[in-house]
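1. Build me a model from this:
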Amino acid sequence: MSHINTEIKSFIAISDIISLLNMCSGFLAIISSINNNLELAAILMIIAIIFDSIDGWVARKTGRKDTLGFGKNIDSLSDIVSFGVAPAVFIYTCINTTPNILQVITPLVSLLIVICGVLRLTRYNVIAGKIDTHDFIGFPIPGISCILATYYLSGLFNPYIALALGIIVSLLMISNIRYPKFDNKPVIAISTVLIVLLILPIKIAAYNINIPATLLLIFCLYYLIINLIKR
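-> Just a heads-up that it's a prediction; the model follows:
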């Protein structure tokens, strides 16, 4: 049996630090949700998506060789926090203060988000490198955080619609539907601009509607729906 250096510093790379920043953003989003600071929680979930979207790019640019799977595991575990637990706690806090039947349904939807997130990431880790595909199998897990966060920030938030979105997106995450990866540079550029405008400490709004959040929400829903239609 070969000797393996078990010191953390022998495993960790720059891209892993970015994955940890993703996790930190998700954890702070959870804390913000618990403290009922939902706008900050939504912004932190968007920031987590930014870190998640660049850790792979950094790994490739720095020649990261993840022979033992440390990077893959730290990325997945960070995603569970930011895109599994964080949106689950967020939607629970958003809705569970309403004194009606939603108090019964909301915890179940929150649990569904976490379960489907774990299943989605576990499947990804199991099939990674074994199936040649340029598509995501199932809706990408950061999508649920993006949809719920932008929906809340848009100024159009409705608890019933939010719960429906939570259920639908969770089930699509564990579906076998193929979603194309983001390799269209104009789309990436536009999405990046919207995200930057969204997290800036200024509001671009009209008629109490947050324009960057609404446009980003429309983009996410279009991506979700168009691939259902194409199927």
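
2. buried set for stretch 19-32?
-> 19-30, 32 (16 or more other C-beta atoms under 10 Å). From N, CA and C alone the C-beta is placed, and that goes for glycine too.

3. can you list contacts of that stretch?
-> Applying C-beta atoms under 8 Å, 6 or more residues apart in numbering, the contact partners of stretch 19-32 are 38, 40-42, 44-45, 47-48, 51-52, 55, 71, 74-75, 77-79, 81-83, 85-86, 89-90.

4. That one - what's its average pLDDT?
-> Throughout stretch 19-32, pLDDT has a mean value of 97.

5. And residue 178, its phi and psi?
-> Dihedral angles of residue 178 (phi, psi; degrees, to the nearest 10) stand at phi -90, psi 130.

6. same question, residue 135
-> According to degrees, to the nearest 10, residue 135 has phi -120, psi 160.

7. Quick one: residues contacting it.
-> 178, 179, 180, 181 are the contacts of residue 135 under C-beta under 8 Å, 6+ apart.

8. which among the residues you listed gets closest to residue 126?
-> residue 178 (17.1 Å; C-beta to C-beta).

9. ok, the residue lying closest to the closest one once chain neighbours are set aside to residue 89 distance?
-> Take residue 178 and drop its neighbours on the chain: the residue closest to it by C-beta to C-beta, 6 or more residues apart in numbering is residue 135, 4.0 Å away. Going from residue 135 to residue 89 by C-beta to C-beta, to the nearest Å gives 30 Å.
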